[in-house]
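Enquirer: From the sequence below, what's the structure:
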Amino acid sequence: MQWDKLLYNGRRKDKDKGNLQSASSAKPSDSENIEWRQEIERDFDRILFAAPTRRLADKTQVFPLDMNDSVRTRLTHSHEVANFARGIGMRLAFDMKNEVFEGLSETICVERDIPALLAAIGLAHDLGNPPFGHQGEAAMRNWFNTNLSDFFNEDNDIDNKDIFKDFFQFDGNSQTLRLVTKLQILNDQYGLNLTYATLAALIKYPRSSYTDSPGKWEKHGFFHSESKIVNEIWLVTGLKENIRHPFTWIMEACDDIAYSVLDAEDTVKKGLASYKDLIDHLKCWEEGKDPVINKVVMQTEEKNAEYKHLQHELTPSEINDMHMQMFRVKATIALVNDVVDTFVANLSTLLSHHCEFKDLIGQSQSKSFCKALKAFDKKHGYRHRSVLELELKGSNYIQKLMDMLWIGIHGHKTQKERDQEKELQKEDDAFKPRKEYRSNSPFGRYAYGRISENYRRIFEDEKNGLPVLYKEAQLLADAISGMTDSYLIRLHDELKSLYEYESCSHSSKPTA
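Expert: Numbering: from 1, shown residues only. Below you'll find the predicted structure:
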């Protein structure tokens, strides 16, 4: 791999216009229109101001619909991942520039592009996640596996059923790439029109759901509908299937740091465990022999001891929070330092096409520390009864809403399709139009109209030549994954009342 290609800051829109070049070498002649930002810095800004980023404020990180406003959401989690990633980028760009980016051309501004690129992919990495966290992904997969295969025989235009693994194995990472390249429309079909460098680094799992040899990753990073875009990204940046952009490893490591350390802090903040529970858990891990754990615990305890004189002035809850804040500081410093050291030490491997790593932290000295934190999070946070109960409710909301939206989607015909069928009917009396289901009922039309106009426009686009059933499933996936936790519940309740009313008025319940 070559850094010049990996950090290429041209955009797909420019390529299609026939003027693709390094944006840093193309400066406008009008001084009033000079863009003071680097192109990759503009990527970060586009992601920051995009509506899906704001919606992350009402999407579950660990604790669904939590009333404690200091507990993290997907938005605060994403900002923290971006912060860790940007900090690592600053160290690489300023302290290790000659060591890491040797031979890089002068058209790339390392000191500005590297931190901006890492911050951008850190901020965007969860944009495609549906409501209610990973349980939401599981709920969507369950619905598709239960319902979708029953409709295969109705569509004669399906040549490759493997592409439906996009839905049977639905993953928010693939939805993220779809969102930034297509769904978040500015004024054309290029989505946010991010640079090739940012798009390449954002593909966390460089394989499709239907790849014959998935390699080291169980998850996939793009859908069939975006496969041409991905191939274009790989061609420009010098990447290929199962080969990650080197900065993707850093983004993934920052995500691991965020949800291992910071989810532990939220677990304590909610009172599901205490600071002492965490320290006891760590001291017992691997019989207390891990040097990184011992160092972090010792540094935290020593620092907390400096504030022992304040304990008679603080409540137990305040002391708990204060101790956890100090633990967070020491733990993240240790983990971030190890990620930087591991990245630099293994750079030649990460830049090769033969890297067998599964993750970066797994190669670092902090491997056991991170594993211990995740075990604590799972035991005291993720598996707590209150969390499991809300996840179950969220899963039920998602699957029932998918039932109702599917009534509006499956069999839906655009006006153009209806006009075409009328013309064909005139020419051939034996012509059989595509079967309509409940989508043409009052409820079906209403449910379809409640889906985002952006998503419906892409679904109805005459240039969208994907199989009908695939397009219908994708519209449903787009609609659900784009919702926030609260909005999904409100729409579910709104449609449910109308659905029940129509069922009663027709004396029979429509099937989804």
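Enquirer: Quick check: which ranges of the stretch 201-350 of the chain have low pLDDT?
Expert: Applying pLDDT under 70 to the stretch 201-350 of the chain flags residues 214.
Enquirer: and the longest helix anywhere in the chain, which residues are buried?
Expert: When the chain is parsed with DSSP state H, its longest helix is helix 316-345. Residues of helix 316-345 classed as buried by neighbour count (16 or more other Cβ atoms under 10 Å): 319-324, 326-328, 330-332, 334-336, 338-340, 342-343. (Glycine included, C-beta is placed from N, CA and C.)
Enquirer: Would you point out which residue is most central in this protein?
Expert: In the chain, the C-alpha closest to the average C-alpha coordinate belongs to D126, at a distance of 2.7 Å (Cα atoms, centre = their mean).
Enquirer: before we move on, back to that, starting at the chain centroid, how far to the next helix or strand after the longest helix of the chain?
Expert: Beyond helix 316-345 in the direction of the C-terminus, DSSP states H and E gives the next helix or strand as helix 347-350. The chain centre lies 25 Å from the centre of helix 347-350; the measure is Cα atoms, centre = their mean, to the nearest Å.
Enquirer: One more: stretch 377-393?
Expert: On Cα atoms, centre = their mean, the centre of stretch 377-393 falls 21 Å from that of its chain.
Enquirer: And that stretch, end to end?
Expert: Terminal residues of stretch 377-393 are spaced 21 Å apart (Cα to Cα, to the nearest Å).
Enquirer: And stretch 381-388, by the same measure?
Expert: Per Cα to Cα, stretch 381-388 runs 10 Å from first to last residue.
Enquirer: So which bits of it are buried?
Expert: Buried-residue list, stretch 381-388, by 16+ other Cβ under 10 Å: 381-382, 384, 387.
Enquirer: and the residues you listed, which of them are in helices?
Expert: Per DSSP H, the subset of these in helices is V387.
Enquirer: just checking, I229 touches R12?
Expert: Yes: assessed by Cβ atoms under 8 Å, I229 is found in contact with R12 at 7.3 Å.
Enquirer: residues shared between the contacts of these two?
Expert: T181 (Cβ atoms under 8 Å, 6 or more residues apart in numbering).
Enquirer: Between the two, point out the one with more neighbours.
Expert: R12 (21 against 18; other Cβ atoms under 10 Å).
Enquirer: who's in contact with the more buried one?
Expert: Residues counted as contacts of R12 (Cβ under 8 Å, 6+ apart) are 181, 190, 193, 196, 229, 232.
Enquirer: what two of the residues you listed are the furthest from one another?
Expert: Using Cβ to Cβ, the pair of those lying farthest apart is N193 and E232, separated by 13.2 Å.
Enquirer: From the neighbour counts alone, determine which of these two ranks first.
Expert: Neighbour count, other Cβ under 10 Å: between N193 and E232, N193 has more, with 20 against 15.
Enquirer: is it true that the more buried one lies in a strand?
Expert: No: looking at N193 with DSSP: H, G, I helix; E, B strand; the rest coil, it is coil, so not inside a strand.
Enquirer: tell me the phi and psi of it?
Expert: phi 50, psi 60 (degrees, to the nearest 10).
Enquirer: so who does it touch?
Expert: 11-13, 46, 186.
Enquirer: Among those, which ones are in helices?
Expert: 12-13, 46.
Enquirer: could those go into JSON lines alongside distance to I250?
Expert: Shown next, in JSON lines, are those (distance: Cβ to Cβ, whole Å):
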{"residue": "R12", "distance to I250": "24"}
{"residue": "K13", "distance to I250": "27"}
{"residue": "R46", "distance to I250": "21"}
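Enquirer: Output the residues you listed in TSV; the columns should cover distance to S225 and pLDDT.
Expert: Listed next are the ones in helices among the contacts of N193 as TSV, based on distance: Cβ to Cβ, whole Å; pLDDT from 0 to 100:
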residue	distance to S225	pLDDT
R12	15	88
K13	19	84
R46	21	95
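Enquirer: Of these, just say which sits nearest to E241.
Expert: For the ones in helices among the contacts of N193, the nearest to E241 is R12 (19.3 Å; Cβ to Cβ).
Enquirer: Distance of the closest one relative to G191?
Expert: For R12, the distance to G191 equals 9 Å [Cβ to Cβ, to the nearest Å].
Enquirer: do E111 as well
Expert: 28 Å.
Enquirer: Looking only at neighbour counts, state which of those two leads.
Expert: Relative neighbour count places G191 above the other of E111 and G191, with 23 against 14, counting by other Cβ under 10 Å.
Enquirer: what residues are up against the more buried one?
Expert: With Cβ under 8 Å, 6+ apart, G191 has these contacts: 179-185.
Enquirer: who wins for neighbours among those residues?
Expert: Most crowded among the contacts of G191, counting by other Cβ under 10 Å, is V180 at 25 neighbours.
Enquirer: mind listing what it touches?
Expert: When contacts are counted by Cβ under 8 Å, 6+ apart, V180 touches 47, 124, 127, 191-192, 194, 199, 202.
Enquirer: And these, which two are furthest apart?
Expert: Spatially, the most separated pair among the contacts of V180 is L127 and L199, at 12.8 Å (Cβ to Cβ).
Enquirer: What distance do you get for the residue lying closest to N9 once chain neighbours are set aside to P130?
Expert: Among residues not flanking N9 along the chain, E39 sits closest, at 4.0 Å (Cβ to Cβ, 6 or more residues apart in numbering). Look at E39 and P130: by Cβ to Cβ, they are 31 Å apart.
Enquirer: what's the answer for L92, then?
Expert: 33 Å.
Enquirer: One more: K204?
Expert: K204 is 16 Å from P130, where distance means Cβ to Cβ.
Enquirer: what about those two, which has more around it?
Expert: Neighbours per residue, other Cβ under 10 Å: of K204 and P130, the larger number sits with P130, 28 against 25.
Enquirer: So for the more buried one, what pLDDT did the model give?
Expert: Confidence at P130, expressed as pLDDT, is 94.
Enquirer: Any chance you could give me stretch 199-213 in PDB, C-alpha atoms only?
Expert: Extracted C-alpha coordinates of stretch 199-213, given in PDB (Å, rounded to 0.1, in the frame of the first residue of the first chain):
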ATOM      1  CA  LEU A 199     -14.600   6.400   2.600                       C
ATOM      2  CA  ALA A 200     -11.800   3.800   2.300                       C
ATOM      3  CA  ALA A 201     -11.000   4.100   6.000                       C
ATOM      4  CA  LEU A 202     -14.600   3.900   7.000                       C
ATOM      5  CA  ILE A 203     -15.100   0.400   5.600                       C
ATOM      6  CA  LYS A 204     -14.500  -1.500   8.800                       C
ATOM      7  CA  TYR A 205     -15.000  -5.000   7.300                       C
ATOM      8  CA  PRO A 206     -13.800  -5.000   3.700                       C
ATOM      9  CA  ARG A 207     -16.000  -7.700   2.400                       C
ATOM     10  CA  SER A 208     -19.600  -8.200   1.400                       C
ATOM     11  CA  SER A 209     -22.200 -10.400   3.100                       C
ATOM     12  CA  TYR A 210     -22.000 -12.900   0.300                       C
ATOM     13  CA  THR A 211     -18.200 -13.200   0.000                       C
ATOM     14  CA  ASP A 212     -17.200 -16.800  -0.700                       C
ATOM     15  CA  SER A 213     -14.100 -16.400   1.600                       C
END
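Enquirer: Return the closest of the contacts of N193 with respect to S441.
Expert: Closest to S441, out of all of the contacts of N193 and judged by Cβ to Cβ, is L186, at 34.9 Å.
Enquirer: before we move on, the earlier item: in helices, which of the contacts of R12 fall?
Expert: 196, 229, 232.
Enquirer: Ignoring the adjacent residues along the chain, who's closest to N304?
Expert: Per Cβ to Cβ, 6+ apart, closest to N304 is H323, 5.2 Å.
Enquirer: Quick check: the gap between that neighbour and Y259.
Expert: 20 Å.
Enquirer: rewinding a little: now render the contacts of V180 as a markdown table, adding distance to Q169.
Expert: Converted to a markdown table, these look like this (distance: Cβ to Cβ, whole Å):
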| residue | distance to Q169 |
| --- | --- |
| I47 | 26 |
| A124 | 21 |
| L127 | 19 |
| G191 | 23 |
| L192 | 25 |
| L194 | 25 |
| L199 | 22 |
| L202 | 19 |
